[in-house]
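S.K.: Model the structure of this input:
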Amino acid sequence: MQVCGVCAEQVPKYRCPTCRVRYCSLLCYKKHKDGCVPELPAPPSAPLSWTQNSGDWAVEDFLDEDSESDRVPLQRLKQLGESEELKALLRNPHLRRLLLTVDRAESKADIMKTAMQEPLFVEFADQCLKIVEPLENEDTMD
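M.R.: Take a look at the predicted model:
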């Protein structure tokens, strides 16, 4: 269960439209808005982690009933977080800015078309797909 990204006490009901952090009340929003960062931040010096930001999203935030068949098993998602290849790619500030741009875009389809023109983004996407949807004969080809 998620907790408010501001007070870390209540279940969040709302999401900041600027930075997407989750918050539970008007009071928490007022506390949050002064420090809200709408533009792309400089990449942090430490590697990103799923739990670093208290406003993390959940898979359920993006799925509707029609999307259930596209759900990735939890074990495969964990493998993404454990992949040294992905960690190495995510150290690149340019890739991190691209990912933030995609995440914050209103039209995901349009921004994905643009992002897929970037070789670094394609490399990242390919690496993710190798983990999430490995080819059945991939092990036998090596």
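
S.K.: What average pLDDT does stretch 73-82 get?
M.R.: Computed over stretch 73-82, the mean pLDDT rounds to 84.

S.K.: residues of that stretch that come out buried?
M.R.: Using 16 or more other Cβ atoms under 10 Å as the test for burial, stretch 73-82 gives Gln79. Any C-beta I mention is one placed from the backbone N, CA and C, and that applies to glycine too.

S.K.: Would you mind extracting the C-alpha trace of that stretch into PDB?
M.R.: As requested, the backbone C-alpha atoms of stretch 73-82 are provided in PDB (Å, rounded to 0.1, in the frame of the first residue of the first chain):
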ATOM      1  CA  PRO A  73       5.000 -11.100 -13.800                       C
ATOM      2  CA  LEU A  74       6.500  -9.600 -10.600                       C
ATOM      3  CA  GLN A  75       9.600 -11.900 -10.900                       C
ATOM      4  CA  ARG A  76      10.500 -10.400 -14.300                       C
ATOM      5  CA  LEU A  77      10.000  -6.900 -12.900                       C
ATOM      6  CA  LYS A  78      12.400  -7.700 -10.100                       C
ATOM      7  CA  GLN A  79      14.900  -8.900 -12.700                       C
ATOM      8  CA  LEU A  80      14.800  -5.500 -14.300                       C
ATOM      9  CA  GLY A  81      15.900  -3.900 -11.000                       C
ATOM     10  CA  GLU A  82      18.700  -6.500 -10.600                       C
END
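
S.K.: what stretches of the chain score poorly on pLDDT?
M.R.: Applying pLDDT under 70 to the chain flags residues 1, 38-70, 136-142.

S.K.: Give me the domain ranges for it.
M.R.: 1-42+54-66, 72-134 (automatic domain parsing).

S.K.: Tell me where the longest helix sits in the protein.
M.R.: What stands out as the longest helix in the chain, according to DSSP state H, is helix 119-132.

S.K.: What strand or helix carries the residue nearest to the spatial centre of the chain?
M.R.: Central residue of the chain (Cα atoms, centre = their mean): Asp103, 6.9 Å from the mean position. Following DSSP states H and E, one finds Asp103 within helix 93-104.
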